[in-house]
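>>> after the sequence you'll find the predicted model.
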Amino acid sequence: MDIKYVSTTCPYCGTGCGFNLVVRDGKVFDVAHWQRAPVNGGKLCPKGRYAHEFVNSPDRLTKPLIKKDGKFVEATWDEAYDLIAEKFGSYKPEETACLSSARTSNEENYLMQKFARAVLKTPNIDHCARLCHSSTVAGLATVFGSGAMTNSIQDISESKCIFIIGSNTFEQHPLIGRSIIRAKESGGKLIYADPRYTPTAKQADLYLPFVSGTDVAILNGLMQEIIKNGWEDKEFIANRTKDFEKLKEVVMKDAYSLENVSKTSGIPVESLRTAAELIGTSKPATLIYSMGITQHTVGVDNVKSTANLMMLTGNLGKPGAGVNPLRGQNNVQGACDMGALPNVYSGYQKVTDEPAQQKMKEMWGVDRLAEGKVGYTVTEMVNILADKPGELKCMYIMGENPMLSDPDLTHVEHGLKNLEFLVVQDIFMTETAAMADVVLPAACYAEKDGTQTNTERRVQRWKKAQDPPGEAKPDWQILCELGKRMGYEKQFAFESPEAIFNEVAAVTPSYHGMSYGRLDPDGLHWPCPTEEHPGTPILHKEKFAMPDGLGVFSPIEWKPPAEVPDAEYPYVLTTGRVIWQWHTGTMTRRSWSLEKEAPIGWIEINPEDAQELGISDKEVVRASTRRGSIDIPARVTPEIIKGVMFIPFHYKEHPANRLTHNALDPIAKIPEFKACSVKVEKI
Ligand code: MGD
Ligand code: SF4
């Protein structure tokens, strides 16, 4: 028996934990701790511990499939490539669109945007960051000049005060929870604001339960109290920021007195006061957020407000401080860095910037790109498909499952049905793949080399542990073959992921100094501009990434969510994840150790609401919004605030996104997954 251990990076969340895949006679059969793993020191959460279980699932896609007379028929790779090349070649560039994937490597994301821009000449390239952290990228970039976590996971343990708002860190990024525990052991205090009493709330010194969608009011209220007490960092404000007076004009309004914020949010005045004092007087303090902040029609406003609070208190550019958005998918940071977005090339070089266009044309050896136009976002693509049939006709989706993950599924389904040609490249037959004309079988993380970039901007290696099943191939190989068949032989002549990474490093300033040799085993934090540079775990130490080096205060008024409760739909619905499952469940639901812990969906209802509705625990109820209805078991629990209900979005049997609203943030185009109006009835 031949046993080997292959150190690699977890395929689930953005923490980027390392582990060993245990390979027996060429097949992955277990996960073992990798004690020197840079982020997690060998520790794992359940998803990481069982990340081998889906790899050899009998459900894996093993052959290309082409739909004929409504049924999938197995095809050869040549048949599939030829059909795709012919179809894509027959449409105008602007009629085509591509979705890249935060589940695939940096190299694969880089190739997908190159394929879209250089081969198809379409500006329409995006991925699921749109649904999770597009507000972060847009919001923090306008305030600090860079839209990413400012600090490292490790230095959170140096904080004296950790303020978490809109992130269930201990359940969704459990290994980041370890840094918080270390901070608490050294006397740091944890403040937690969330509508649900989550596992993170259980760790908190101060818990602030609030009604979803009132974040800006809360953050403004805290800032008003800090300023009233003179706790702001006057030196930092004077030397490192601008527009403080504009901020003051808004946050000092009566609407943001603690009494009024308490009425808006439901948080008791005393709790707000204690929180303001802790944040205002503890140094260093850090703010951690995630999708509770970003997934709103005011997502960008929410993000900017978190930055206002930390600039006000001088908590940037040092260990234990910062504004720290925790990224969801394993490689969502990397997919953004690689330019799988409609407005930027890799390294956030704007597509509308003439010198950036020129540089990419030269590097890629093409005389035309997608005309320097900003393309459609995922959410806009779906709206156009549904509402303006004929404008977009042909789509290539790699590693995304919008038929379960996008808001308002009835609308999504209607839109996807309007496509004339759809290609889906996945490791399993998903709800989206089932609607495709061609399905391409991809290799998973354990079957290919590559890199991914975790939430703290650390670029790390993936290493191949086994061959893909059947005829499945790594996404990068599929993209190279298609690029070549469509006439771009030279541009897609890569022999390995390392060769692709070398091109990434050459065209991406923040990755210039990186190479596979340097990334093994600890990875490097970007920016890493030269081969000698040690990487940058903490951003903005001396100055912000703005032309004048100053952080910009952005005064923000609180606005309610797009849909607020009324007589017909009297409750707020919020949605999210649970520790045992991951997103649309394609991988975790095929991992029996995880699936058996949480095999069905549920709706959480506060006992007082349940009593008023006459609903008991475990009873199947009907939850309805203006978009649709689902029947789902009730979980009656005091762990959710009265007036708010929660559904995890993993389950196709109880799809939360039949209910959610596709109202968008006007800048980031992120949907409001965290607040819409719902009614619940007995069946
Ligand atoms: P996933 O289930 O992660 O969801 O939305 P999606 O990205 O659509 O789908 C990724 C797909 O990639 C899966 O089908 C998986 O099988 C496939 N895959 C895995 N590895 C590979 C690979 O190596 N190659 C290829 N080709 N495919 C691979 C996630 C999205 O969902 C996100 S990021 C967020 S944050 C949103 N959150 C959210 C919410 O909070 N509430 C509600 N209601 N909806 C939400 N939807 C969003
Ligand atoms: Fe994987 Fe995230 Fe769990 Fe770490 S915390 S093992 S990266 S799912």
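Looks like it came in fine. Numbering: from 1, shown residues only. Ligands and ions are numbered 1, 2, ... in the order given.

>>> hey, let's count contacts and neighbours off CA atoms from now on
Fine.

>>> burial measure for the closest residue to residue 157 other than its chain neighbours, as a count.
In space, and not counting its chain neighbours, residue 157 is closest to residue 183: 4.1 Å by CA to CA, 6 or more residues apart in numbering. For residue 183, the count of nearby residues is 22 (other CA atoms under 10 Å).

>>> surely residue 183 touches residue 155?
No. With contact defined as CA atoms under 8 Å, residue 183 does not count as touching residue 155 (9.1 Å).

>>> before we move on, back to that, what helix or strand is the residue nearest to residue 157 located in?
helix 174-185 (DSSP states H and E).

>>> average pLDDT across the next helix or strand after that helix?
Using DSSP H and E, the helix or strand that follows helix 174-185 towards the C-terminus is strand 189-193. Averaging pLDDT along strand 189-193 yields 98.

>>> what mean pLDDT does the following helix or strand past strand 189-193 get?
Next helix or strand after strand 189-193 toward the C-terminus (DSSP H and E): helix 199-203. Average pLDDT, helix 199-203: 96.

>>> if you count neighbours, what's buried in helix 199-203?
By 16 or more other CA atoms under 10 Å, the buried positions in helix 199-203 come out as 199-201, 203.

>>> give me the three-state assignment for the residue nearest to residue 587 when sequence neighbours are not counted.
Counting by CA to CA, 6+ apart, residue 587 lies nearest to residue 54, which is 5.7 Å off, once chain neighbours are set aside. At residue 54 the chain is in coil, as set by DSSP: H, G, I helix; E, B strand; the rest coil.

>>> test my guess that residue 54 contacts residue 593.
No. Assessed by CA under 8 Å, residue 54 is found out of contact with residue 593, at 10.3 Å.

>>> wait, residue 391 touches residue 382, no?
No. Taking contacts as CA under 8 Å, residue 391 lies outside contact range of residue 382: 11.2 Å.

>>> so, in contact with ligand 1 or not, stretch 202-216?
No. Counting by CA under 6 Å from any ligand atom, ligand 1 is not contacted by stretch 202-216; separation bottoms out at 13.0 Å.

>>> before we move on, what about stretch 341-350?
No. Remark: stretch 341-350 sits outside contact range of ligand 1, by CA under 6 Å from any ligand atom, the gap being at least 13.8 Å.

>>> give the buried residues for that stretch.
341-350.

>>> quick revisit: more neighbours: residue 391 and residue 382, which one.
residue 382 (23 against 16).

>>> before we move on, which element is that one in?
Counting by DSSP H and E, residue 382 is found in helix 378-387.

>>> please parse the protein into its domains.
Per automatic domain parsing, the structural domains of the chain span 3-49, 65-131+330-525, 134-325, 571-682.

>>> of all these, which lies closest to residue 560?
Taking CA to CA, domain 134-325 is the member of the domains of the chain nearest to residue 560, at 6.3 Å.

>>> so residue 543 touches residue 550, yeah?
Yes. Applying CA under 8 Å as the test, residue 543 and residue 550 come out as touching, 6.5 Å apart.

>>> residue 79 and ligand 2, how far apart?
In this view, residue 79 and ligand 2 are 37 Å apart by CA to the nearest ligand atom, to the nearest Å.

>>> any residues touching the helix or strand where that residue lies, and which ones?
For residue 79, the element it lies in under DSSP H and E is helix 77-89. With CA atoms under 8 Å, 6 or more residues apart in numbering as the test, helix 77-89 has contacts from 63-66, 96, 120, 394, 421, 423, 438, 440, 481-482, 485-486.
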